[in-house]
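Peer 1: The following block contains a protein sequence and its predicted model.
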Amino acid sequence: MDTFTLKNGKVVSYRKLQKGDEQALARFNDELSEQSRNLFTPHRYDADTLAKVVERAEKGNDLVYVALDGDRVIAYFFLWWYDSPFPVLGIGVLDEYHGQGLGRQIMEKLIEDAKAANCDAIELTTALDNKPAYALYEKVGFKCLGQVDNIAGDGRVIKEWHMYYPIKPNVVPPPRKHCSPV
Ligand SMILES: CC(C)(COP(=O)(O)OP(=O)(O)OC[C@H]1O[C@@H](n2cnc3c(N)ncnc32)[C@H](O)[C@@H]1OP(=O)(O)O)[C@@H](O)C(=O)NCCC(=O)NCCS
């Protein structure tokens, strides 16, 4: 079993998203604070969207994980377009698990996965006022490319920082539309 150890000593497991996780994932979204949900709405959580999320994960288009405390999803994280040179990273952790080193371990795992898949670089966007996330991304080696318009999962268009983690030397991600694959 793959695990992360929190700063308080608690051990939580993680695994790839699979068919049957749809309700637990929707519950994860419901359990986020309003503030966290505003910062992390990668897509809608209706049945049709969740079916597409699972289908893309099972096909290998996206690399999608959940971290679990028992059978409760406490973190949801992924590399969208994992089958391309420039996957897009997303991460959300339930509020009561913040500050325990989980985000950092998740970032390290996703970076390792992108390297293993021989990707050129990892991209992400983050809200201009999301200081905890920005600090985490910088700490693990992401660099800021400037501001872009990001289309959030609920359709809002938000000005965000565009960041990337270089894997191959001298590669900068080409322009793209910043939106969800589902
Ligand atoms: C951003 C997020 C993933 C961080 O996860 P976490 O498990 O709390 O992070 P960690 O405990 O591993 O902290 C890692 C680093 O992040 C930074 N950080 C975390 N919380 C912070 C805070 N409240 N203020 C400033 N920096 C903070 C620190 O640099 C920290 O490093 P340190 O451990 O050396 O102090 C989490 O806060 C979260 O899910 N937030 C809501 C959703 C969200 O914003 N997702 C990202 C959208 S782009």
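Peer 2: Yep, it's here.

Peer 1: and the residue nearest the centre of the chain, what pLDDT?
Peer 2: A centroid search over the chain (CA atoms, centre = their mean) returns residue 90, at 1.8 Å, as the residue closest to the centre. Looking at residue 90, its pLDDT is 98.

Peer 1: For the helix or strand where it lies, which helices and strands make contact with it?
Peer 2: Using DSSP states H and E, residue 90 maps to strand 88-93. For strand 88-93, the packing partners by 3 or more CB pairs under 8 Å, 6 or more residues apart in numbering; DSSP states H and E come out as strand 72-80, helix 102-116, strand 121-127. Yep, even glycine has a C-beta here, placed from its N, CA and C like the rest.

Peer 1: Now do the same contact list for the residue lying closest to residue 38 once chain neighbours are set aside.
Peer 2: Leaving aside its sequence neighbours, residue 38 sits nearest to residue 127 (CB to CB, 6 or more residues apart in numbering; 7.8 Å). Residue 127 sits next to 38-39, 133, 158, 160-161 when contact means CB atoms under 8 Å, 6 or more residues apart in numbering.

Peer 1: so which of those residues are also by the ligand?
Peer 2: With CB under 6 Å from any ligand atom as the criterion, the contacts of residue 127 include 39, 133 near the ligand.

Peer 1: need the contacts of residue 127 in TSV with pLDDT and secondary structure, can you?
Peer 2: As requested, these are arranged in TSV below (pLDDT from 0 to 100; DSSP: H, G, I helix; E, B strand; the rest coil):
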residue	pLDDT	secondary structure
38	95	helix
39	97	helix
133	98	helix
158	95	strand
160	98	strand
161	98	strand
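
Peer 1: for the contacts of residue 127, which one is nearest residue 148?
Peer 2: Comparing the contacts of residue 127 against residue 148 with CB to CB picks out residue 160 as the nearest, at 6.2 Å.

Peer 1: quick one, what contacts that closest one?
Peer 2: Residue 160 sits next to 125-128, 147-150, 178 when contact means CB under 8 Å, 6+ apart.

Peer 1: Contacting the ligand as well, which ones from these?
Peer 2: Intersecting these with the contacts of the ligand gives residue 126 (criterion: CB under 6 Å from any ligand atom).

Peer 1: Give me the angle between the one helix or strand residue 54 maps to and strand 72-80.
Peer 2: Assessed by DSSP H and E, residue 54 sits inside helix 47-59. For helix 47-59 against strand 72-80, the angle by axes from the mean of the first three to the mean of the last three CA atoms, to 10 degrees is 70 degrees.

Peer 1: Buried residues, helix 47-59. List them.
Peer 2: Going by neighbour count (16 or more other CB atoms under 10 Å), the buried part of helix 47-59 is 49-50, 53-54, 56-57.

Peer 1: now the angle between strand 121-127 and the strand holding residue 90, please.
Peer 2: 50 degrees.

Peer 1: going forward, begin numbering at 37 instead of 1
Peer 2: All right, first residue 37 from here; so that's strand 124-129.
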